[in-house]
Structures are given as structure tokens and as C-alpha cells.
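Trainee: could you work out the structure for the sequence below:
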Amino acid sequence: MAVPFPFSAIVGQDEMKLALLTGAVDPGIGGVLVFGDRGTGKSTAVRALAALLPKMRAVDGCRYGCDPDGGERLCEACRAAAKHGPLKSHLVPVPVVDLPLGATEDRVVGALDLERALAHGEKAFEPGLLARANRGFLYIDEVNLLEDHLVDLLLDVAASGENVVEREGLSVRHPARFVLVGSGNPEEGELRPQLLDRFGLSVEVRTPDDLPTRIEVVRRRDAYERDPQAFIHAWQRQDSKLRRRLVSARERLSGVDVPDAALERAAKLCMALGTDGLRGELTLMRAARALAALEGDAEVGDSHLRRVAPAALRHRLRRNPLDESGSTVRVERALAEQFGE
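Mentor: Below is the predicted model:
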């Protein structure tokens, strides 16, 4: 199994890295959509982030990786076992599960275990990709090309945090809470509005257009491919420092204050941009709070709102036939009007 590229060693792409880090601090933000050119480190960054995260505690023998302190979020088997005493657990890596474009519905949600059915005549459930992704990341490359029936399925599970399978005489319900990360090239098609709205943050990545950055990207990638272990060792200190920062941010997140002035700023910005619904304000507030926690600040201020606003709002704007500007330009213009230059 290939060792992931160190997160700290990724050159540039600051907005993408910031969005992934804030999403890791607070999974409630709702996942990250990364759109841009091929070969700009989208999938590399996702796998690097998962390797950066500290291991999580999971119930021994649980097929869904339940948190022993999960309470109502436990699967049926763990909930039943918890009645007889504390659940035994062990540390496991945070899962990163790829959802291939050609995946069948059975592979995604799970299905009847045919081998056990034929060999023993038993009806047993074979968990799918959603079960493996519980408490981790579900990564979809070329998400804009995902088939409609899988999009509908993901929308249901993302909203409820549960996967319900009722087929072939089986009735199974299990937790499926994950951070949805999608990537794609906008030239190959747009994302369905319903799925687009489910992503908390949307970032744009581009091929670097300055010579020093391009040279450094190639130099680091070449060093990694020639000797992965030596390269990872060279960046171990920076990754460890970032890991401690993430853990501290998670611990202090609930204590970060969001003053009324910050909420008013967020609401005025969304009103100026004409975003649909209130999900824009909620995501903007959560992302700003996660960023404040990441930077060790006690409360959310203008600087936090400004830094996360493009990612939180650019994919929630209505099309304006009188304004041909891109969504990022419109958000930056509104920021300048609301916060000053």
C-alpha cells in the first residue's frame, strides 16, 4: 500500500488545504468540493489529510467502526452489547473510501452476502462502501459525472447520517456519517444543484502559473517518488506539528465564541449576494469558528469570515443574467463592500 504524500509538503493550493483542515476540525461543516485542473493535487491532498489525522477509537469487531462513546449513533449490535457493560475498543486509522464512478448500488449501500446464503442458507448483510466510510471520508473523483441514482442515494444518507437497506428479505440500518469530499474538472460537466448544495465548502484549484512554484512542485514530487520513506521522514516534524494543531482545534472548538456582530456580518454578506436559504450563513459561521479554533483564537472575527467566505458561498449564488462575473469575483466584490478594502 502506497504511503500518502505528506500534507505539509503540498506546495501552494492554500484555499484547498484550508478548506480540508477546517472540515477536519468540524465535520459538521458538510464536506469539501474541489474543482479544477487535472494534476493539481486534489486527490493527493485528501489522502494526505486522512494520514495526518490522529487515529480514532473503534469498537472491537464492529463492521461499521462505531465510536465506543457514540451513544445513539451506535449500530444495533453495538447498542445491544453496550447494555452489558463498557464496549472494548482499539485505535484504527481514519478511513478514506473511494467511490468509483462505475460502482453499483449494491457495492455502495451493501447487499445480501451470497457466499453465506449459498453455503449455509443464512441471510447475512455484506456491508458496502458507506459502511466502510463511517466516521471517515468518502472521496468521489469526477463527482460531476456520478450517475443520478447514486447522487439521490448519497443525498439521503448525507441528510440522515444513516444507511437503510431493505432488499432480498434483509432489513438493515447502520450509521453512515462521513465527510464527503468530491473533486472534478468543471469542463466535463456541472454538478447537480441538490448535490452541490450538500457540500459545505467549494474551492477552486488551478495549475500554478509562476515558475518557482512549478519547479518546487516537481522537485518535491520527484523526491517523494524516488524515496517515499526518506521524503516522509523529512516532513515528519511539520506534519506532527500540524496534527497537534488539529487535535487542539477540535478540543477548543466548542469554546470558540461567535459574537452577534459576526453573525450580523455573515447574514448581511449572504443577503448582499442573494444566496438561497440559510445554509450559507450556517456554513460560513461554522467554517469561521473552525478556522478560529485552528488559529487558537477565542472568538470569530472579520478576518476569519473573510478567509472562509469564498469557499462557503461561491457555489450557493444564483445566476445573474445582468452580471457575467464569476462567482468568486462576486463574493470578493461583496466582501469588499461589506468589510471594506
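
Trainee: show me where the stretch 151-300 of the chain has its helices.
Mentor: 193-196, 211-226, 228-234, 236-252, 260-273, 279-294 (DSSP state H, counting those that start in this stretch).

Trainee: nearest to Leu53, out of the ones you listed?
Mentor: helix 236-252 (6.8 Å; Cβ to Cβ). In short, each C-beta sits where N, CA and C put it, glycine included.

Trainee: and the closest one, how far from the chain's centre?
Mentor: 18 Å (Cα atoms, centre = their mean, to the nearest Å).

Trainee: thinking again about what came up before, which of the helices of the stretch 151-300 of the chain sits closest to His315?
Mentor: Evaluated with Cβ to Cβ, the helices of the stretch 151-300 of the chain place helix 193-196 nearest to His315, the distance being 5.5 Å.

Trainee: from the helices of the stretch 151-300 of the chain, which stretch is densest packed?
Mentor: Ranked by mean neighbour count, the helices of the stretch 151-300 of the chain are led by helix 279-294 with a mean of 24 (mean count of other Cβ atoms under 10 Å).

Trainee: against which helices or strands is that one packed?
Mentor: helix 14-25, helix 236-252, helix 260-273, helix 302-313 (3 or more Cβ pairs under 8 Å, 6 or more residues apart in numbering; DSSP states H and E).

Trainee: redo the ones you listed as a markdown table? Include distance to Glu166 and mean pLDDT.
Mentor: Formatted as a markdown table, those follow (distance: least, Cβ to Cβ, whole Å; pLDDT from 0 to 100):
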| stretch | distance to Glu166 | mean pLDDT |
| --- | --- | --- |
| helix 14-25 | 31 | 91 |
| helix 236-252 | 36 | 92 |
| helix 260-273 | 39 | 91 |
| helix 302-313 | 36 | 92 |
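
Trainee: so which of those helices comes closest to Val179?
Mentor: Closest among these, once you apply Cβ to Cβ, is helix 14-25, at 5.7 Å.

Trainee: for the next helix-or-strand element following the closest one, list the C-alpha coordinates in PDB.
Mentor: Following helix 14-25 in sequence order, the next helix or strand is strand 32-36 (DSSP states H and E). The C-alpha coordinates for strand 32-36 follow below in PDB (Å, rounded to 0.1, in the frame of the first residue of the first chain):
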ATOM      1  CA  VAL A  32     -15.500  19.900   0.600                       C
ATOM      2  CA  LEU A  33     -15.900  20.100  -3.200                       C
ATOM      3  CA  VAL A  34     -12.600  20.700  -5.100                       C
ATOM      4  CA  PHE A  35     -13.000  21.700  -8.700                       C
ATOM      5  CA  GLY A  36     -10.100  22.500 -11.100                       C
END
